[in-house]
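*Asks:* Sequence first, then the predicted structure, then my questions.
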Amino acid sequence: MKITRVEAIPFAIPYVKPLRFASGEVHVANHVLVRVHTDTGVVGVAEAPPRPFTYGETQDGIITVIDTIFAPAIVGLTLLEREVVASRLARTIGNPAAKSAVDMAIWDALGKTLDLPVGDMLGGFTDRMRVSHMLGFAEPAKMVAEAEKMVDTYGIRTFKVKVGRHPVGLDTAVVRALRERFCDEIELYVDGNRGWTAAESARAMKEMSDLDLLFAEELCDAADVMGRRWLVERLDVPFIADESVPTPADVTREILGRSATAISIKTARTGFTTSRRTHHLAEGLGIPVVMGNQIDGQVGTACALAFGSAFELTSRYAGELSNFLDMSDDLLTEPLQIRDGHLHRSTAPGIGFEIDPDKLERYRTDN
(Lines give C-alpha, C1' and ligand atoms only; values in the text may rest on other atoms or scores of the structure.)
Protein backbone atom coordinates (compact mmCIF):
# COMPACT_ATOMS: atom_id res chain seq x y z
CA MET A 1 0.00 0.00 0.00
CA LYS A 2 2.92 2.37 -0.58
CA ILE A 3 2.52 5.58 -2.55
CA THR A 4 4.70 5.42 -5.65
CA ARG A 5 3.63 8.45 -7.69
CA VAL A 6 1.38 11.51 -7.55
CA GLU A 7 -0.03 13.04 -10.73
CA ALA A 8 -1.54 16.51 -11.14
CA ILE A 9 -3.46 16.80 -14.42
CA PRO A 10 -4.95 20.15 -15.51
CA PHE A 11 -8.28 20.12 -17.30
CA ALA A 12 -10.76 22.74 -18.46
CA ILE A 13 -14.53 22.36 -18.89
CA PRO A 14 -16.68 25.42 -19.73
CA TYR A 15 -19.72 26.35 -17.69
CA VAL A 16 -23.07 26.57 -19.44
CA LYS A 17 -23.39 30.06 -17.99
CA PRO A 18 -20.95 32.18 -15.95
CA LEU A 19 -21.25 31.84 -12.17
CA ARG A 20 -21.32 35.34 -10.65
CA PHE A 21 -21.01 36.34 -7.00
CA ALA A 22 -19.57 39.16 -4.91
CA SER A 23 -15.95 37.94 -4.88
CA GLY A 24 -15.68 37.12 -8.60
CA GLU A 25 -17.07 35.10 -11.47
CA VAL A 26 -16.16 31.81 -13.13
CA HIS A 27 -16.59 30.94 -16.83
CA VAL A 28 -14.52 27.75 -17.11
CA ALA A 29 -13.73 25.00 -14.59
CA ASN A 30 -9.93 25.11 -14.79
CA HIS A 31 -9.43 22.32 -12.26
CA VAL A 32 -6.74 19.78 -11.48
CA LEU A 33 -7.29 16.03 -11.33
CA VAL A 34 -5.01 14.44 -8.73
CA ARG A 35 -4.09 10.75 -8.93
CA VAL A 36 -2.17 8.89 -6.23
CA HIS A 37 -0.58 5.65 -7.49
CA THR A 38 0.40 2.74 -5.24
CA ASP A 39 2.72 -0.24 -5.48
CA THR A 40 -0.30 -2.58 -5.70
CA GLY A 41 -1.64 -0.87 -8.82
CA VAL A 42 -4.49 0.88 -7.01
CA VAL A 43 -4.97 4.53 -8.00
CA GLY A 44 -6.80 7.07 -5.84
CA VAL A 45 -8.40 10.09 -7.49
CA ALA A 46 -9.65 13.50 -6.35
CA GLU A 47 -10.15 17.01 -7.74
CA ALA A 48 -8.58 20.37 -6.84
CA PRO A 49 -10.63 23.44 -7.84
CA PRO A 50 -8.44 26.57 -7.65
CA ARG A 51 -10.17 29.69 -6.36
CA PRO A 52 -7.62 32.53 -6.68
CA PHE A 53 -10.08 35.20 -5.55
CA THR A 54 -10.68 33.36 -2.26
CA TYR A 55 -7.60 31.31 -1.36
CA GLY A 56 -4.97 32.55 -3.80
CA GLU A 57 -4.48 29.23 -5.62
CA THR A 58 -4.28 28.93 -9.40
CA GLN A 59 -4.32 25.86 -11.62
CA ASP A 60 -0.61 26.25 -12.42
CA GLY A 61 0.18 26.83 -8.76
CA ILE A 62 -1.60 23.66 -7.67
CA ILE A 63 0.28 21.58 -10.23
CA THR A 64 3.62 23.10 -9.28
CA VAL A 65 3.25 22.62 -5.53
CA ILE A 66 2.12 19.00 -5.98
CA ASP A 67 4.85 18.13 -8.49
CA THR A 68 7.75 19.87 -6.75
CA ILE A 69 6.91 19.78 -3.02
CA PHE A 70 4.05 17.46 -2.05
CA ALA A 71 4.82 14.43 -4.24
CA PRO A 72 8.48 14.16 -3.19
CA ALA A 73 7.41 14.52 0.46
CA ILE A 74 4.92 11.64 0.47
CA VAL A 75 6.17 9.09 -2.09
CA GLY A 76 7.22 6.00 -0.13
CA LEU A 77 4.64 6.46 2.64
CA THR A 78 1.80 3.98 3.01
CA LEU A 79 -1.87 4.80 2.60
CA LEU A 80 -2.31 4.28 6.35
CA GLU A 81 0.15 7.05 7.22
CA ARG A 82 -2.37 9.80 6.60
CA GLU A 83 -1.29 11.81 9.65
CA VAL A 84 2.30 11.71 8.45
CA VAL A 85 1.10 12.95 5.07
CA ALA A 86 -0.87 15.76 6.74
CA SER A 87 2.16 16.76 8.80
CA ARG A 88 4.44 16.91 5.76
CA LEU A 89 1.92 18.86 3.67
CA ALA A 90 1.41 21.30 6.53
CA ARG A 91 5.05 22.39 6.27
CA THR A 92 3.97 24.40 3.23
CA ILE A 93 1.80 27.42 4.00
CA GLY A 94 -1.56 27.79 2.23
CA ASN A 95 -2.42 25.68 -0.84
CA PRO A 96 -5.64 24.25 0.70
CA ALA A 97 -7.13 22.80 -2.50
CA ALA A 98 -3.87 21.09 -3.47
CA LYS A 99 -3.45 19.59 0.00
CA SER A 100 -7.08 18.49 0.12
CA ALA A 101 -7.00 16.74 -3.24
CA VAL A 102 -3.89 14.78 -2.27
CA ASP A 103 -5.50 13.80 1.03
CA MET A 104 -8.76 12.66 -0.57
CA ALA A 105 -7.00 10.74 -3.32
CA ILE A 106 -5.14 8.82 -0.60
CA TRP A 107 -8.44 8.03 1.15
CA ASP A 108 -9.87 6.93 -2.20
CA ALA A 109 -6.92 4.60 -2.79
CA LEU A 110 -7.24 3.20 0.74
CA GLY A 111 -10.94 2.51 0.29
CA LYS A 112 -10.29 0.75 -2.98
CA THR A 113 -7.49 -1.30 -1.38
CA LEU A 114 -9.70 -2.37 1.53
CA ASP A 115 -12.78 -2.81 -0.71
CA LEU A 116 -14.72 -0.31 1.42
CA PRO A 117 -16.62 2.90 0.57
CA VAL A 118 -14.92 5.98 2.00
CA GLY A 119 -18.29 7.16 3.36
CA ASP A 120 -18.46 4.04 5.50
CA MET A 121 -14.84 4.39 6.58
CA LEU A 122 -15.51 7.95 7.75
CA GLY A 123 -18.68 7.18 9.68
CA GLY A 124 -21.43 5.73 7.49
CA PHE A 125 -24.31 7.68 9.05
CA THR A 126 -26.51 7.71 5.93
CA ASP A 127 -26.39 6.86 2.24
CA ARG A 128 -27.82 10.15 0.94
CA MET A 129 -27.99 13.90 1.40
CA ARG A 130 -30.55 16.54 0.57
CA VAL A 131 -29.26 18.96 -2.05
CA SER A 132 -29.07 22.73 -1.89
CA HIS A 133 -28.65 24.71 -5.12
CA MET A 134 -26.72 27.97 -5.44
CA LEU A 135 -28.36 30.84 -7.33
CA GLY A 136 -25.79 33.32 -8.70
CA PHE A 137 -26.31 36.96 -9.62
CA ALA A 138 -29.05 37.62 -12.17
CA GLU A 139 -32.30 39.49 -12.50
CA PRO A 140 -35.07 38.34 -10.12
CA ALA A 141 -37.15 36.74 -12.90
CA LYS A 142 -34.17 34.70 -14.14
CA MET A 143 -33.28 33.50 -10.67
CA VAL A 144 -36.87 32.53 -9.95
CA ALA A 145 -36.99 30.65 -13.28
CA GLU A 146 -33.78 28.79 -12.39
CA ALA A 147 -35.22 27.84 -9.02
CA GLU A 148 -38.40 26.61 -10.71
CA LYS A 149 -36.30 24.41 -12.99
CA MET A 150 -34.43 22.94 -10.03
CA VAL A 151 -37.65 22.18 -8.19
CA ASP A 152 -39.40 20.69 -11.22
CA THR A 153 -36.45 18.74 -12.66
CA TYR A 154 -34.51 17.63 -9.59
CA GLY A 155 -36.87 18.07 -6.65
CA ILE A 156 -34.42 20.51 -4.98
CA ARG A 157 -36.11 22.63 -2.32
CA THR A 158 -33.23 24.43 -0.61
CA PHE A 159 -31.54 27.40 -2.26
CA LYS A 160 -28.49 29.46 -1.36
CA VAL A 161 -28.89 32.91 -2.88
CA LYS A 162 -25.73 34.85 -3.67
CA VAL A 163 -25.93 38.43 -2.39
CA GLY A 164 -23.48 41.28 -1.84
CA ARG A 165 -24.30 43.70 -4.66
CA HIS A 166 -24.92 47.43 -4.42
CA PRO A 167 -27.40 48.76 -3.68
CA VAL A 168 -28.48 46.01 -1.31
CA GLY A 169 -32.02 46.23 -2.69
CA LEU A 170 -30.86 44.40 -5.84
CA ASP A 171 -30.41 41.26 -3.75
CA THR A 172 -33.19 41.64 -1.22
CA ALA A 173 -35.60 41.95 -4.15
CA VAL A 174 -34.42 38.59 -5.48
CA VAL A 175 -34.87 36.84 -2.15
CA ARG A 176 -38.33 38.36 -1.77
CA ALA A 177 -39.31 37.27 -5.28
CA LEU A 178 -38.23 33.71 -4.49
CA ARG A 179 -40.19 33.63 -1.25
CA GLU A 180 -43.29 35.10 -2.89
CA ARG A 181 -43.10 32.55 -5.71
CA PHE A 182 -42.59 29.46 -3.55
CA CYS A 183 -44.03 30.56 -0.16
CA ASP A 184 -43.04 27.94 2.43
CA GLU A 185 -42.31 25.23 -0.16
CA ILE A 186 -38.57 25.95 -0.13
CA GLU A 187 -35.74 26.80 2.28
CA LEU A 188 -33.72 29.95 1.56
CA TYR A 189 -30.45 31.33 2.86
CA VAL A 190 -28.08 34.04 1.64
CA ASP A 191 -24.32 34.21 1.04
CA GLY A 192 -22.60 37.57 0.66
CA ASN A 193 -19.02 36.42 -0.05
CA ARG A 194 -17.89 39.43 2.02
CA GLY A 195 -19.47 41.85 -0.45
CA TRP A 196 -21.22 44.13 2.06
CA THR A 197 -20.11 46.13 5.07
CA ALA A 198 -21.50 45.19 8.46
CA ALA A 199 -23.95 48.13 8.28
CA GLU A 200 -25.12 47.18 4.78
CA SER A 201 -25.54 43.58 5.92
CA ALA A 202 -27.66 44.66 8.88
CA ARG A 203 -29.85 46.81 6.63
CA ALA A 204 -30.30 43.96 4.13
CA MET A 205 -31.15 41.44 6.84
CA LYS A 206 -33.74 43.87 8.26
CA GLU A 207 -35.32 44.17 4.81
CA MET A 208 -35.48 40.35 4.65
CA SER A 209 -36.58 39.79 8.24
CA ASP A 210 -40.02 38.52 7.16
CA LEU A 211 -38.66 36.03 4.58
CA ASP A 212 -37.88 33.13 6.98
CA LEU A 213 -34.21 32.74 6.09
CA LEU A 214 -32.42 29.61 7.26
CA PHE A 215 -28.89 31.11 7.47
CA ALA A 216 -26.80 34.12 6.54
CA GLU A 217 -23.27 33.41 5.29
CA GLU A 218 -20.16 35.63 5.10
CA LEU A 219 -22.16 38.82 4.54
CA CYS A 220 -19.20 41.00 5.54
CA ASP A 221 -15.46 40.48 5.83
CA ALA A 222 -14.14 38.77 8.96
CA ALA A 223 -11.27 41.28 8.86
CA ASP A 224 -13.79 43.83 10.11
CA VAL A 225 -13.61 42.17 13.52
CA MET A 226 -15.77 44.57 15.53
CA GLY A 227 -18.23 45.20 12.69
CA ARG A 228 -18.86 41.52 12.12
CA ARG A 229 -19.27 40.83 15.83
CA TRP A 230 -21.72 43.74 16.01
CA LEU A 231 -23.66 42.29 13.09
CA VAL A 232 -23.81 38.71 14.38
CA GLU A 233 -25.10 39.88 17.76
CA ARG A 234 -28.08 41.49 16.01
CA LEU A 235 -29.11 38.58 13.80
CA ASP A 236 -31.86 36.10 14.63
CA VAL A 237 -30.54 33.41 12.23
CA PRO A 238 -27.25 31.47 12.40
CA PHE A 239 -24.35 33.27 10.74
CA ILE A 240 -22.18 30.85 8.72
CA ALA A 241 -18.44 31.35 8.53
CA ASP A 242 -17.10 29.90 5.28
CA GLU A 243 -13.99 31.34 3.63
CA SER A 244 -13.01 32.86 6.98
CA VAL A 245 -12.60 29.39 8.55
CA PRO A 246 -10.22 27.36 6.33
CA THR A 247 -8.70 25.62 9.38
CA PRO A 248 -9.96 24.28 12.73
CA ALA A 249 -8.03 27.07 14.44
CA ASP A 250 -9.96 29.62 12.40
CA VAL A 251 -13.23 27.95 13.41
CA THR A 252 -12.26 28.29 17.06
CA ARG A 253 -11.33 31.95 16.62
CA GLU A 254 -14.52 32.94 14.79
CA ILE A 255 -16.93 31.03 17.04
CA LEU A 256 -15.35 31.94 20.38
CA GLY A 257 -14.92 35.51 19.13
CA ARG A 258 -18.68 35.64 18.49
CA SER A 259 -18.11 36.50 14.82
CA ALA A 260 -20.03 33.44 13.61
CA THR A 261 -22.50 30.91 14.98
CA ALA A 262 -22.26 28.18 12.32
CA ILE A 263 -19.69 26.96 9.79
CA SER A 264 -19.36 25.56 6.30
CA ILE A 265 -17.16 22.52 5.75
CA LYS A 266 -15.74 22.13 2.24
CA THR A 267 -13.82 18.99 1.44
CA ALA A 268 -12.21 20.84 -1.47
CA ARG A 269 -10.63 23.08 1.16
CA THR A 270 -9.94 20.68 4.06
CA GLY A 271 -9.98 17.21 2.47
CA PHE A 272 -11.26 14.34 4.58
CA THR A 273 -8.63 14.37 7.30
CA THR A 274 -8.93 18.04 8.33
CA SER A 275 -12.67 18.10 7.61
CA ARG A 276 -13.06 15.33 10.15
CA ARG A 277 -11.19 17.42 12.72
CA THR A 278 -13.39 20.39 11.91
CA HIS A 279 -16.54 18.30 12.22
CA HIS A 280 -15.54 17.01 15.65
CA LEU A 281 -14.73 20.55 16.78
CA ALA A 282 -18.12 21.81 15.58
CA GLU A 283 -19.84 18.91 17.29
CA GLY A 284 -18.08 19.77 20.54
CA LEU A 285 -18.99 23.44 20.23
CA GLY A 286 -22.61 22.58 19.44
CA ILE A 287 -22.81 24.65 16.24
CA PRO A 288 -24.63 23.95 12.95
CA VAL A 289 -22.64 22.73 9.94
CA VAL A 290 -23.46 23.04 6.24
CA MET A 291 -21.55 21.08 3.61
CA GLY A 292 -20.32 23.75 1.24
CA ASN A 293 -19.19 23.68 -2.38
CA GLN A 294 -16.15 25.26 -3.98
CA ILE A 295 -17.85 25.21 -7.39
CA ASP A 296 -16.79 21.57 -7.58
CA GLY A 297 -17.21 19.29 -10.54
CA GLN A 298 -18.72 15.86 -10.11
CA VAL A 299 -15.49 14.43 -8.68
CA GLY A 300 -15.43 17.08 -5.97
CA THR A 301 -19.16 16.72 -5.37
CA ALA A 302 -18.77 12.97 -4.84
CA CYS A 303 -16.10 13.75 -2.24
CA ALA A 304 -18.35 16.22 -0.42
CA LEU A 305 -21.19 13.70 -0.51
CA ALA A 306 -19.02 10.92 0.90
CA PHE A 307 -18.00 13.11 3.83
CA GLY A 308 -21.32 14.84 4.43
CA SER A 309 -23.26 11.58 4.54
CA ALA A 310 -20.80 10.07 7.01
CA PHE A 311 -22.02 12.08 10.02
CA GLU A 312 -25.35 13.12 11.49
CA LEU A 313 -24.25 16.73 11.96
CA THR A 314 -23.09 17.24 8.37
CA SER A 315 -26.18 15.55 6.86
CA ARG A 316 -28.70 17.44 9.00
CA TYR A 317 -29.05 20.28 6.49
CA ALA A 318 -29.09 20.19 2.70
CA GLY A 319 -25.56 20.16 1.26
CA GLU A 320 -24.39 22.38 -1.59
CA LEU A 321 -24.03 19.55 -4.07
CA SER A 322 -25.42 20.80 -7.37
CA ASN A 323 -22.90 23.23 -8.88
CA PHE A 324 -21.83 20.56 -11.37
CA LEU A 325 -25.20 21.06 -13.09
CA ASP A 326 -23.84 24.35 -14.45
CA MET A 327 -20.92 22.61 -16.20
CA SER A 328 -21.20 21.68 -19.86
CA ASP A 329 -19.69 18.23 -19.22
CA ASP A 330 -17.72 16.27 -16.62
CA LEU A 331 -15.21 13.44 -16.29
CA LEU A 332 -17.18 10.55 -14.78
CA THR A 333 -18.18 7.35 -16.56
CA GLU A 334 -21.50 7.45 -14.67
CA PRO A 335 -22.65 11.02 -13.96
CA LEU A 336 -24.14 11.86 -10.58
CA GLN A 337 -27.93 11.94 -10.54
CA ILE A 338 -30.03 14.17 -8.29
CA ARG A 339 -33.43 12.61 -7.70
CA ASP A 340 -36.24 13.87 -5.46
CA GLY A 341 -33.90 16.52 -4.11
CA HIS A 342 -31.30 13.98 -2.92
CA LEU A 343 -27.92 12.62 -3.97
CA HIS A 344 -27.20 9.01 -3.01
CA ARG A 345 -23.58 8.11 -2.41
CA SER A 346 -22.06 5.16 -4.19
CA THR A 347 -21.60 1.81 -2.48
CA ALA A 348 -18.50 1.12 -4.60
CA PRO A 349 -15.08 0.98 -2.91
CA GLY A 350 -13.29 4.29 -2.41
CA ILE A 351 -15.15 7.51 -3.03
CA GLY A 352 -17.20 5.62 -5.58
CA PHE A 353 -16.63 7.01 -9.07
CA GLU A 354 -14.63 6.16 -12.17
CA ILE A 355 -12.95 8.61 -14.56
CA ASP A 356 -13.83 8.31 -18.24
CA PRO A 357 -10.42 8.18 -19.97
CA ASP A 358 -11.80 9.58 -23.24
CA LYS A 359 -13.28 12.60 -21.49
CA LEU A 360 -10.10 13.19 -19.54
CA GLU A 361 -8.12 13.07 -22.79
CA ARG A 362 -10.56 15.54 -24.37
CA TYR A 363 -10.46 18.11 -21.58
CA ARG A 364 -6.93 17.87 -20.20
CA THR A 365 -4.81 20.85 -21.16
CA ASP A 366 -1.28 19.47 -20.77
CA ASN A 367 -1.17 17.52 -24.04
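*Replies:* Done, it's in. Residues are numbered from 1 along each chain as shown.

*Asks:* Quick check: buried residues in stretch 318-332?
*Replies:* Under the neighbour-count criterion of 16 or more other CB atoms under 10 Å, stretch 318-332 has 318-327, 329-332 buried. Quick note: C-beta positions are derived from backbone N, CA and C, even for glycine.

*Asks:* cool, stretch 115-131 as well?
*Replies:* Within stretch 115-131, the residues scored as buried using 16+ other CB under 10 Å are 117-123, 125-131.

*Asks:* Can you give me the end-to-end span of it?
*Replies:* End-to-end distance for stretch 115-131, by CA to CA, to the nearest Å: 27 Å.

*Asks:* In strands only, show me the buried residues of stretch 318-332.
*Replies:* 319-320 (DSSP state E).

*Asks:* ok, of the buried residues of stretch 318-332, which one's closest to Val163?
*Replies:* The shortest approach to Val163 among the buried residues of stretch 318-332 belongs to Glu320, at 15.3 Å (CB to CB).

*Asks:* burial of the nearest residue to that closest one once chain neighbours are set aside, as a residue count?
*Replies:* Spatially, and ignoring its direct neighbours in sequence, Glu320 is nearest to Asn293 (3.7 Å; CB to CB, 6 or more residues apart in numbering). By the criterion of other CB atoms under 10 Å, Asn293 has 24 neighbours.

*Asks:* element containing Asn293?
*Replies:* If you go by DSSP states H and E, Asn293 is not part of any helix or strand.

*Asks:* wait, Glu25 sits on Leu19?
*Replies:* Yes - assessed by CB atoms under 8 Å, Glu25 is found in contact with Leu19 at 6.2 Å.

*Asks:* quick one: Ile9 is in a helix?
*Replies:* No - secondary structure of Ile9, determined by DSSP: H, G, I helix; E, B strand; the rest coil: strand, with no helix assignment.

*Asks:* coming back round to it: and of the buried residues of stretch 318-332, the nearest to Val289?
*Replies:* Gly319 (9.8 Å).

*Asks:* what pLDDT does that closest one get?
*Replies:* Confidence at Gly319, expressed as pLDDT, is 98.

*Asks:* cool, the one 5 residues further on as well?
*Replies:* Per-residue confidence at Phe324 stands at 95 (pLDDT).

*Asks:* what does the one 4 residues further on give?
*Replies:* pLDDT, the model's per-residue confidence, is 96 for Ser328.

*Asks:* Quick check on it: phi, psi?
*Replies:* Per-residue torsions, Ser328: phi -80, psi -20 (degrees, to the nearest 10).

*Asks:* Also the one 10 residues further on?
*Replies:* Backbone torsions of Ile338, given as degrees, to the nearest 10, read phi -90, psi 120.

*Asks:* I'd say it and Val151 touch.
*Replies:* No - the pair Ile338 / Val151 is not scored as a contact, 11.6 Å apart, by CB under 8 Å.

*Asks:* Those two: which is more packed in?
*Replies:* Taking other CB under 10 Å, Ile338 and Val151 do not tie; Ile338 has more neighbours (21 against 18).

*Asks:* residues near the closest residue to that one other than its chain neighbours, how many?
*Replies:* Once flanking residues are discounted, Ile338 sits nearest to Tyr154: 4.3 Å by CB to CB, 6+ apart. Using other CB under 10 Å, the number of residues around Tyr154 comes to 19.

*Asks:* that older thread, check the buried residues of stretch 318-332 against Glu200 and report the nearest one.
*Replies:* For these, the nearest to Glu200 is Glu320 (24.0 Å; CB to CB).

*Asks:* Can you give me the buried ones in the helix or strand that contains Ala141?
*Replies:* If you go by DSSP H and E, Ala141 is part of helix 140-154. By neighbour count with 16+ other CB under 10 Å, helix 140-154 contains the buried residues 140, 143-144, 146-147, 150-151, 154.
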